[in-house]
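Asker: A predicted structure for the sequence below; I have some questions about it.
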Amino acid sequence: MSGHPRCQSLSVSFNSSSKIQFVAMLAALLCLFALYPTSLHAQAASSTSISGVVSDSSGAIVAGAAVKLTEKTTNASRTTNTNDTGRYFFANVPSGEYEVTASKTGFRITKTLVTATVGLPLTVDLKLETRFRLGNRRGHGDRHGTANAHATVGNTRHG
């Protein structure tokens, strides 16, 4: 065996004080690792998100639309506006039934009901229809009603 060092066995001996310290340290580490995943899981699985794109009936994006998220049992709500690409996002949404409403001057209000589930991001794309329709003799559109909405459960792809 030229040029290669020989492996020698390593012998470690513990006195009784070292053994007690080693066992105590091992027990403490086991307790720490046993409790850590529970707290991590509780933090990660307490909410979800709701996001989407607001567009008009032709498919063009609607920037600056107000999007309101209302929890149905408590009537608590949050509002945001779509960005310049028509996207909106609500983070930290607890599980429950929600109404998602989109509005902008010149368009009918769009509403849809969705169910949020912890850990499953929800995509809700909304379509706004113009308030005034051609062929309406008085020039007044329908002020109420629900336009088209599309909801998808799962991962949201941004592109």
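Answerer: Structure's in. What do you need? Keep in mind the model is a prediction, meaning the values are calculated, not measured.
Asker: which outside residues touch stretch 95-106?
Answerer: For stretch 95-106, the external contacting residues (CB atoms under 8 Å, 6 or more residues apart in numbering) are 48, 50, 52, 54, 62, 64-73, 82, 109-118, 124, 126, 128, 130-131, 149. (C-beta placed from N, C-alpha, C; glycine too.)
Asker: what are the buried residues along that stretch?
Answerer: 98, 100, 101, 102, 103, 104 (16 or more other CB atoms under 10 Å).
Asker: can I get the residues you listed in JSON lines including secondary structure and distance to residue 91?
Answerer: Output for the buried residues of stretch 95-106, formatted as JSON lines (DSSP: H, G, I helix; E, B strand; the rest coil; distance: CB to CB, whole Å):
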{"residue": "98", "secondary structure": "strand", "distance to residue 91": "14"}
{"residue": "100", "secondary structure": "strand", "distance to residue 91": "15"}
{"residue": "101", "secondary structure": "strand", "distance to residue 91": "18"}
{"residue": "102", "secondary structure": "strand", "distance to residue 91": "18"}
{"residue": "103", "secondary structure": "strand", "distance to residue 91": "21"}
{"residue": "104", "secondary structure": "coil", "distance to residue 91": "23"}
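Asker: and the two most separated of those residues?
Answerer: Greatest spatial distance in the buried residues of stretch 95-106: 98 and 104, 19.9 Å, computed using CB to CB.
Asker: dump the residue contacts of residue 55.
Answerer: By CB under 8 Å, 6+ apart, the neighbours of residue 55 are 61, 62, 86, 125, 126, 127, 128.
Asker: try 6 Å
Answerer: By CB atoms under 6 Å, 6 or more residues apart in numbering, residue 55 lies in contact with 61, 62, 86, 127.
Asker: could you verify my assumption that the third one touches residue 53?
Answerer: Yes - with contact defined as CB atoms under 6 Å, residue 86 and residue 53 form a contacting pair (4.8 Å).
Asker: in space, what's closest to residue 122 - neighbours in sequence excluded?
Answerer: Nearest residue to residue 122, sequence neighbours excluded (CB to CB, 6 or more residues apart in numbering): residue 50, at 4.7 Å.
Asker: surely that neighbour is in contact with residue 93?
Answerer: Yes - the pair residue 50 / residue 93 is scored as a contact, 5.3 Å apart, by CB under 6 Å.
Asker: helix/strand/coil for residue 23?
Answerer: The three-state label given to residue 23 by DSSP: H, G, I helix; E, B strand; the rest coil is helix.
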